[in-house]
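In: Give me the fold of what follows.
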Amino acid sequence: MIQAATIQLQDAFSLKKGRRIGEALVARLGRLPDACWLFCAPAKDSDTLVRGVYEAIGRRPLIGCTTDGEISSSGFSTGSAVLGGLITDQLGFELAAVQGIGRDSEQAGRDLAAAFSDAVRYVQLFSDGITGDGSAILRGMASVFAADIPVSGGTAGDGGAFRQTWQFQGDRVFSDAAVAIGFSGDVKLGTGVMSGWTPIGLPKKVTRAAGNVLYELNGESALSVYERFLGRHAHKLPAVGVEYPLGLVDPHAGSEGNDDLLLRATMSVDRQAGSIRFAGEIPEGSMVYLTCGDRSAILEATEKAARLAIEDLGAGTQPAFGFFYSCMARKALLGIRAREEIERVRAHIAPEVPVLGFYTYGEYCRQGPRRPSVLHNETATLAVIGV
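Out: Next up, the predicted model:
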């Protein structure tokens with residue numbers, strides 16, 4: 001049995017308001033929850049909001065972070081807080097947190113995974129979206145887990161300011177940290193990932209890169225390649241790069257189709273070095289495409305991600321709670337149509353099923369069943385818990 005609900009707060013944050021939405025969630029569920037998720041804008045007094053929620057839910061497991069936009073059953077919102085929770089007799093929960101991920105992200109991932117028991121079968125991860133390396137965190141976690149444990153979630157945002165993000169565990173508020181919740185017991189999970197961006201031209205080889213900095217494609221400076229591709233819009237880099245992300249061919253995929261591209265969004269350019277910094281690692285030697293997309297394709301991809309999650313859940317399993325993590329770049333490109341992402345997700349997983357999530361600086365999810373969990377950019381990701 002799983003019963004879930006979400007609450008939205010569109011008001012100034014305070015200890016009192018935190019208690020109020022926590023109490024509202026408890027009332028909607030009918031008793032204290034077994035686990036809760038809180039996502040909110042990086043607003044004043046968010047720390048006291050967290051404390052108020054934690055008190056109201058009876059100090060039950062609470063996890064979350066700040067965002068670039070909030071998602072709940074009430075729809076898309078900004079400058080708000082959304083709280084979700086569930087009661088269940090089929091799942092158990094464990095929390096973990098690690099600080100200082102910017103120093104050594106791979107070690108942080110190892111430490112985070114080591115904090116969980118062997119009973120954990122699925123993990124939701126929320127890490128600082130400005131510091132740290134999400135791909136390295138996942139590598140560290142995978143090196144510790146005894147089995148292929150699916151990881152989904154997102155990197156925390158700060159409303160597009162790119163100054164500082166916060167992560168929550170219980171009543172504690174961190175920065176430069178990763179927090180996670182592990183699911184044990186009879187975990188029924190369906191995931192779906194899709195972007196909507198289409199590869200343009202022939203693939204290119206990454207001939208020089210270091211971490212998330214790309215120096216050369218096919219022996220030519222990365223900036224020169226992008227400037228030629230963008231033409232008269234090249235002077236708008238790095239901002240315009242959000243519309244034209246780099247697509248890495250997934251080495252774990254069976255083909256080089258659009259569905260198997262791992263997108264990387266531009267973050268900054270170094271015109272002297274001719275390099276571009278992306279919001280995720282670019283492995284040297286990998287094959288990549290330049291890509292483009294439009295609003296209709298992005299929204300169609302959101303629908304497909306929802307369909308894939310339901311298919312992955314399997315016949316005979318009903319969705320009970322949906323977690324939706326989408327990239328801030330999608331929100332920026334969709335504009336007022338961002339609310340349609342949530343509407344399409346809810347329509348496909350069933351309107352009565354609660355949905356919770358946020359707009360991220362990067363998304364964590366496996367690319368498909370029995371494939372590793374990876375860091376995505378500019379992608380819609382769904383994780384649906386079923387009964």
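In: Could you check how far the top helix by length along the chain is from the centre of its chain?
Out: For the chain, the helix that runs over the most residues, judged by DSSP state H, is helix 295-313. Between the centre of helix 295-313 and the centre of its host chain there is 15 Å, according to Cα atoms, centre = their mean, to the nearest Å.
In: Look up how far F323 lies from the residue nearest the centre of the chain.
Out: With distances taken as Cα atoms, centre = their mean, G154 lies nearest the centre of the chain, 2.3 Å away. G154 sits 9 Å away from F323, taking Cβ to Cβ, to the nearest Å as the criterion. For glycine as for every other residue, the C-beta is placed from the backbone atoms N, C-alpha and C.
In: shared neighbours of those two, anything?
Out: G357 (Cβ atoms under 8 Å, 6 or more residues apart in numbering).
In: what comes up buried for the longest strand seen in the chain?
Out: Secondary structure of the chain per DSSP state E: the longest strand is strand 198-210. By 16 or more other Cβ atoms under 10 Å, the buried positions in strand 198-210 come out as P199, P203, K204, V206, R208, A209.
In: Need those in CSV (columns: pLDDT and distance to Q167).
Out: As requested, the buried residues of strand 198-210 are exported to CSV (pLDDT from 0 to 100; distance: Cβ to Cβ, whole Å):
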residue, pLDDT, distance to Q167
P199, 94, 34
P203, 95, 36
K204, 97, 36
V206, 98, 31
R208, 98, 34
A209, 97, 28
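In: between those, which is nearest G386?
Out: Nearest to G386, judged by Cβ to Cβ, of the buried residues of strand 198-210 is P199 at 33.0 Å.
In: hang on, isn't the closest one packed against G293?
Out: No - P199 is beyond contact range of G293, at 10.5 Å (criterion: Cβ atoms under 8 Å).
In: what's next to stretch 210-229, contact-wise?
Out: Stretch 210-229 is contacted by residues 133, 200, 204-209, 234, 237, 241, 244, 246, 264, 266-267, 269-271, 273-282, 284, 288, 290 when judged by Cβ under 8 Å, 6+ apart.
In: run the last query once more with 7 Å
Out: With contact meaning Cβ atoms under 7 Å, 6 or more residues apart in numbering, stretch 210-229 is reached by 133, 204-209, 234, 237, 269, 271, 273-282, 290.
In: Check the average confidence over that stretch, would you?
Out: The predicted model assigns stretch 210-229 a mean pLDDT of 96.
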